[in-house]
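Trainee: All I have is the shape, not the residue letters:
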């Protein structure tokens with residue numbers, strides 16, 4: 001098979017208004033098949049905790065799919081899941097030392113800030129490296145089977161991606177530059193990059209301290225919110241924060257209504273619908289994409305959690321932790337210009353900025 005010149009539809013792109021966007025439809029089908037298969041497996045053999053890790057790995061691998069030939073495609077798709085595994089491992093080692101977990105998470109936030117304007121896959125890795133540290137260190141550590149579930153889900157996501165190329169008899173063209181091309185954009189000597197990284201680290205530390213003080217059981221959601229919405233452009237960050245909070249709130253309301261009034265079959269049907277319309281909704285508005293993904297994730301939590309009262313608490317906590325993360329991101333943004341002045345910068349560096357919505361493909 002040869003490489004096709006047609007690139008994959010990027011996350012956050014604009015769908016044609018006058019005709020069916022077949023590539024977007026294909027993307028919806030691929031995403032639905034990828035994330036619903038583990039649900040079907042656990043329905044057949046009983047719900048297991050590894051489903052959470054498998055689901056995160058599947059979503060992150062899907063977000064990292066940049067097309068290309070099979071070997072290169074697997075490497076790109078593995079970027080996020082492997083970073084997640086490293087973060088989980090570090091978080092597990094630090095399990096009994098919450099202050100050390102927070103320090104590690106703030107360091108990961110610093111790294112995110114430094115690479116924020118560079119390669120999209122490096123940004124994806126930074127996000128889920130930090131998420132893995134918080135998930136394992138402050139929520140629950142993974143068992144060996146959970147790491148296996150991540151690797152199996154990565155392989156399955158890759159096979160699904162390749163299967164959709166087979167009818168065309170050509171591989172989709174690679175849509176990202178090689179990692180070697182990212183080095184000029186890293187600007188490791190840029191004081192602004194380090195100032196922004198420090199502001200992200202402050203936001204992460206503040207969010208984790210707040211979730212600890214409030215007794216939240218899923219601080220990983222607050223951390224991920226920060227890493228999804230913080231940009232060195234303040235206006236963009238504020239817009240993304242509001243959209244994420246609004247989309248999450250709407251998703252929590254619908255998930256609670258479905259979980260309380262519907263059967264397990266109804267929940268599975270709503271999950272499948274949310275997965276299918278997630279990408280078209282993202283094209284319409286970022287808040288709608290967040291809404292669909294929130295409904296999917298929370299109904300999965302409901303299915304996997306046997307204790308009804310604990311499941312209800314987690315449904316509500318998704319919103320509270322997202323709100324904490326968004327507020328902490330706001331404080332980090334307030335600190336950014338102060339830190340920039342402390343670093344004696346007169347103006348930000350000239351650097352190419354990513355499409356804001358390109359990165360909204362994860363939980």
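Mentor: Nice, I can see it. Just so it is clear, the structure is predicted and the values come from calculations on it, not from any experiment. Numbers count the residues shown, from 1 in each chain.
Trainee: could you pull out the strands for the stretch 1-150 of the chain?
Mentor: Assigned by DSSP state E, counting those that start in this stretch, the strands in the stretch 1-150 of the chain fall at 2-4.
Trainee: Flag the shaky bits of it, pLDDT-wise.
Mentor: 1-20, 47 (pLDDT under 70).
Trainee: same thing but at 50, please
Mentor: Across the stretch 1-150 of the chain, the ranges flagged by pLDDT under 50 are 2-18.
Trainee: can you check the stretch 201-350 of the chain too?
Mentor: 345-350.
Trainee: Please repeat the previous calculation with a cut-off of 80.
Mentor: For the stretch 201-350 of the chain, applying pLDDT under 80 flags the ranges 262, 304-315, 343-350.
Trainee: Show me where it has its helices.
Mentor: Ranges of helices in the stretch 201-350 of the chain, per DSSP state H, counting those that start in this stretch, are 219-229, 234-261, 264-284, 286-304, 308-342.
Trainee: can you check the stretch 1-150 of the chain too?
Mentor: If DSSP H, counting those that start in this stretch is used as the criterion, the helices of the stretch 1-150 of the chain fall at 22-45, 50-63, 70-93, 98-115, 120-134, 144-165.
Trainee: neighbouring contacts of the second one?
Mentor: What it means is helix 50-63. With contact meaning C-beta atoms under 8 Å, 6 or more residues apart in numbering, helix 50-63 is reached by 11, 30-31, 34-35, 38-39, 42, 77-78, 80-81, 84, 124, 128, 131, 142-143, 145-154, 156-158, 161, 297, 300-301, 304, 361-363. C-beta coordinates here come from the backbone N, C-alpha and C atoms, glycine included.
Trainee: Please list all residues in contact with residue 33.
Mentor: residue 160.
Trainee: so residue 275 makes contact with residue 295?
Mentor: No: if you go by C-beta atoms under 8 Å, residue 275 and residue 295 don't touch, sitting 9.3 Å apart.
Trainee: between these two, who's got more neighbours?
Mentor: With neighbours defined as other C-beta atoms under 10 Å, residue 275 and residue 295 compare such that residue 295 has more, 26 against 23.
Trainee: Hmm, that one is touching residue 253, no?
Mentor: No: contact criterion C-beta under 8 Å: residue 295 and residue 253 do not qualify, at 9.5 Å.
Trainee: The helices of the stretch 1-150 of the chain into a markdown table, with extra columns for distance to residue 289?
Mentor: As requested, these are arranged in a markdown table below (distance: least, C-beta to C-beta, whole Å):
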| stretch | distance to residue 289 |
| --- | --- |
| helix 22-45 | 11 |
| helix 50-63 | 12 |
| helix 70-93 | 18 |
| helix 98-115 | 21 |
| helix 120-134 | 16 |
| helix 144-165 | 19 |
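Trainee: Measure how buried residue 262 is and give me the count.
Mentor: Residues lying near residue 262 (other C-beta under 10 Å) number 15.
Trainee: Phi, psi for it please.
Mentor: Main-chain dihedrals, residue 262, degrees, to the nearest 10: phi -110, psi 160.
Trainee: can you pull the contacts of it?
Mentor: By C-beta under 8 Å, 6+ apart, residue 262 lies in contact with residue 270.
Trainee: how much space between it and residue 45?
Mentor: Distance from residue 262 to residue 45, counting by C-beta to C-beta, to the nearest Å: 23 Å.
Trainee: Tell me how many other residues surround the spatially closest residue to residue 145 that is not a sequence neighbour.
Mentor: Leaving aside its sequence neighbours, residue 145 sits nearest to residue 50 (C-beta to C-beta, 6 or more residues apart in numbering; 5.3 Å). The tally of other residues near residue 50 (other C-beta under 10 Å) stands at 22.
Trainee: if I pick residue 340, what's in contact with it?
Mentor: With contact set as C-beta under 8 Å, 6+ apart, residue 340 has these partners: 191, 192, 195, 196, 348.
Trainee: Tabulate those (TSV), appending distance to residue 248, neighbour count and secondary structure.
Mentor: Shown next, in TSV, are these (distance: C-beta to C-beta, whole Å; neighbours: other C-beta atoms under 10 Å; DSSP: H, G, I helix; E, B strand; the rest coil):
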residue	distance to residue 248	neighbour count	secondary structure
191	34	16	helix
192	30	21	helix
195	29	23	helix
196	24	28	helix
348	30	16	coil
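Trainee: Can you tell me which of these is nearest residue 94?
Mentor: residue 196 (25.3 Å; C-beta to C-beta).
Trainee: mind checking pLDDT for the closest one?
Mentor: Residue-level confidence at residue 196 comes out at 92, pLDDT.
Trainee: Surely it and residue 232 touch.
Mentor: Yes: the pair residue 196 / residue 232 is scored as a contact, 4.8 Å apart, by C-beta under 8 Å.
Trainee: right, and the helices of the stretch 1-150 of the chain - which one's nearest residue 238?
Mentor: Set against residue 238 and scored by C-beta to C-beta, the helices of the stretch 1-150 of the chain come closest in helix 98-115, at 16.8 Å.
Trainee: Next, the angle helix 70-93 makes with the closest one.
Mentor: Angle of helix 98-115 versus helix 70-93, following axes from the mean of the first three to the mean of the last three C-alpha atoms, to 10 degrees, is 150 degrees.
Trainee: quick one: the residue lying closest to residue 258 once chain neighbours are set aside and residue 303, what's the gap?
Mentor: Nearest non-adjacent residue to residue 258, counting by C-beta to C-beta, 6+ apart: residue 270, 5.2 Å away. Noted for residue 270: a distance of 11 Å to residue 303, by C-beta to C-beta.
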